[in-house]
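Enquirer: predicted model, plus sequence, below.
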Amino acid sequence: MDLEKRPDQQVAHPATPTRPVAPAQPVAPAQADGCLAVAIRIPVRIVVLVLVVPVRLLWDALAVCGRFLHRTVLRPVGRGIGALLTWLCKAVFVWPWVGLWRYVLVPVGKGLGWLGRGLFVIPAMWLYARVLTPIGHGIAWLGRVLLVIPATWLCTRVLTPIGRALLVGLGWLGKAVFVWPWVGLWRYVVVPVGIAIAWLVRTLIVVPVVWLYKAVLTPVGHGVTTLLRWIFVVPLVALWRWVLAPTGRAIAVVAREIADAFGHAWRIAGHISLAVGRFLGTLLRWIFVEPVRWAYRTVLTPVGHVIRDVLWNPVAAAARAVGRTTRRALTSARDTVRQTRADVRRMLFGAPREAIPVARREPDTPDTRTLGNSTTALMKD
């Protein structure tokens with residue numbers, strides 16, 4: 001028995017979802033270039049490459065110099081000038097006004113505010129709360145009793161019915177005088193006269209004009225249009241289709257190939273410039289940088305260490321010792337001179353008087369003075 005299933009008889013597992021296969025997208029064929037483009041492409045690219053390579057080398061050299069100048073000169077100078085201008089602007093325009101606001105205007109404003117509040121706000125609030133508010137409540141109650149309630153009763157009981165009656169009578173009178181006569185005039189006079197005038201205009205003017213347009217002007221217009229088409233349009237179309245369009249396509253192909261050649265030449269010149277720059281950099285590094293590094297590492301560094309350990313450190317230690325000795329000698333001489341001057345003054349003028357201690361009114365203890373611990377003369381027992 002054949003226990004193995006052939007590929008065409010295998011069944012997918014029911015728990016495994018089958019993913020639908022997307023149909024393959026048709027690949028668009030590459031656009032074929034014309035013979036004119038193929039014929040002018042290689043020579044134009046060669047000529048353009050020869051012309052563009054020196055320009056690209058010069059451009060890359062100028063770009064490197066400009067970046068070096070910007071990084072080493074222009075940026076630090078610009079930052080220094082910016083910091084100086086910022087400090088000057090703050091010193092001239094910001095700090096004086098800040099000091100004026102903080103130490104002059106704010107204290108003066110607070111004082112004026114406190115003074116105005118004490119002189120005007122608090123008396124005005126008291127006057128409003130204690131005097132004007134009761135008076136206003138009394139005037140409002142009196143006006144309501146004497147004016148509002150009688151006026152409301154008069155409007156509700158007398159004026160409203162009279163107004164409604166007058167409104168009904170005036171509405172009927174206005175319709176009788178202004179609406180009904182004009183409606184009758186429009187319906188029985190203006191509309192029939194307008195219909196008659198419209199029929200007369202249609203019969204005498206519109207119908208002859210329509211016949212003249214269809215029978216005379218339309219054939220004449222078609223003939224003039226056909227004549228102008230064969231005289232002007234057809235030659236212009238032929239000139240455009242058979243002369244100007246092919247010439248424009250050829251010029252466009254040449255211009256496109258020249259532009260593509262410039263693009264390719266610029267990219268190739270960039271690779272050439274990069275290779276030349278790397279070669280020059282490596283050459284300069286092996287000619288100047290590596291010998292200087294080797295000399296610094298193998299010659300100057302050991303010599304510097306020897307000079308530091310053999311000459312500089314002992315000389316510096318000796319100089320420090322001499323300085324300490326000199327400072328001690330100067331201190332001793334200064335103390336001696338001071339003592340000698342004091343002895344001479346004592347021999348000439350005598351010894352100074354000693355200060356007599358005087359009893360102080362305030363206690364010497366650092367504790368603060370309170371009502372229970374007073375040291376004044378008035379509060380002593």
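Expert: Structure's in. What do you need?
Enquirer: do you know how far Val299 is from Arg308?
Expert: Going from Val299 to Arg308 by Cβ to Cβ, to the nearest Å gives 15 Å. Any C-beta I mention is one placed from the backbone N, CA and C, and that applies to glycine too.
Enquirer: strands of the stretch 51-200 of the chain, start to end?
Expert: In the stretch 51-200 of the chain, no strands are defined using DSSP state E, counting those that start in this stretch.
Enquirer: tell me the gap between whichever strand or helix holds Leu49 and the middle of its chain.
Expert: Secondary structure from DSSP states H and E places Leu49 in helix 35-69. Relative to its parent chain, helix 35-69 has a centroid offset of 39 Å by Cα atoms, centre = their mean, to the nearest Å.
Enquirer: same for that helix, what does it pack against?
Expert: Counting contacts by 3 or more Cβ pairs under 8 Å, 6 or more residues apart in numbering; DSSP states H and E, helix 35-69 packs against helix 245-284.
Enquirer: what about the helix or strand following the helix it packs on, average pLDDT?
Expert: Toward the C-terminus, helix 245-284 is succeeded by helix 290-295 as the next helix or strand (DSSP H and E). What helix 290-295 shows for mean pLDDT is 91.
Enquirer: so Trp114 versus Thr331, what's the distance?
Expert: Remark: distance between Trp114 and Thr331 (Cβ to Cβ) = 59 Å.
Enquirer: same question, Gly304
Expert: Gly304 is 37 Å from Thr331, by Cβ to Cβ.
Enquirer: could you do Ala124 as well?
Expert: Distance from Ala124 to Thr331, by Cβ to Cβ: 75 Å.
Enquirer: next: His264.
Expert: For His264, the distance to Thr331 (Cβ to Cβ) stands at 85 Å.
Enquirer: and for Leu62?
Expert: Shown here: Leu62 relative to Thr331, a distance of 66 Å by Cβ to Cβ.
Enquirer: also Arg297?
Expert: 48 Å.
Enquirer: same question for Leu74.
Expert: Leu74 is 54 Å from Thr331, by Cβ to Cβ.
Enquirer: what's the answer for Val292, then?
Expert: 50 Å.
Enquirer: measure how buried Arg45 is and give me the count.
Expert: Neighbour count for Arg45, taken as other Cβ atoms under 10 Å: 19.
Enquirer: chain neighbours aside, what residue packs nearest to it?
Expert: Leaving aside its chain neighbours, Arg45 sits nearest to Ala261 (4.2 Å; criterion: Cβ to Cβ, 6 or more residues apart in numbering).
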